[in-house]
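> I would like the atomic coordinates for the input below:
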Amino acid sequence: MTAAEIPFAFLLAFGLGGVSILSCLEKLLPVLPSYILFVFIGFATVDDVHSIAPVVLAATAGSVAGAIIWYGIGRMCGEARSARLVDRWGRFIFLSPALYDRLTGAYVRRHFLVTLIAQIVPMARIYLALPAGVIRLSFLPFVAATWLGTLVWNAPLIILGYLIGRADHFTVTPGIAFFVALILIETAAFFVLRKWRRSRSNVE
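So this is what the prediction gives:
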């Protein structure tokens, strides 16, 4: 895992501001899975235990800012126009009309909980803010749920990246640790998403 393999990694040279900008871009341009990006951020920017918290907060702030941008787009465009935009341009950012409809349908009830849980579900964590804006979800609860869920997602990944960077006893150790970590993260995300879908089906 090198900086050359991470889109816009040069932004990390700007310190915490760069971390925030890169995290915001991850919410707007899903060119790299977040569980790779935030592990890399921890690997590349956290020098010691004391710098973990500032990096986590900067990354979380950037992610929330990206969600607010999507929320603002949805609120400004409204239901009909947002649906048309997704239908015409969504495929270029991996947002199909079917996915958009599922995300919109997730907001049947328990808006705070849905927003929070979505932050640890791939793709949903990026685009759920768009229908949240369309239905004019209360802004402050939306931001609070997004912040909390994003913090729960970002912090362990960044800490994991830091720990991988410290695992220098053998040359192969960081690569193995990173590979195992990705498997565990993807498995956890899969089970969370499946449980979430089952709970929604039971409610409906």
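> any idea where the helices of the protein begin and end?
Here the chain has its helices, by DSSP state H, at 16-28, 34-45, 52-89, 97-105, 111-118, 124-127, 129-134, 139-166, 173-203.
> most tightly surrounded among these?
Most buried of the helices of the chain by mean neighbour count (mean count of other C-beta atoms under 10 Å) is helix 129-134; its value is a mean of 26. All C-beta spots, glycine's among them, are computed from the backbone N, C-alpha and C.
> Can you show me the CA trace of that one as CSV?
The C-alpha trace of helix 129-134 is given here as CSV (Å, rounded to 0.1, in the frame of the first residue of the first chain):
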residue,chain,number,x,y,z
ALA,A,129,-27.5,12.0,2.8
LEU,A,130,-29.1,12.7,-0.6
PRO,A,131,-32.6,11.3,0.2
ALA,A,132,-32.2,12.7,3.7
GLY,A,133,-32.1,16.2,2.1
VAL,A,134,-34.9,15.4,-0.3
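> Which strands or helices does that helix pack on?
Helix 129-134 sits against helix 52-89, helix 97-105, helix 139-166, with contacts defined as 3 or more C-beta pairs under 8 Å, 6 or more residues apart in numbering; DSSP states H and E.
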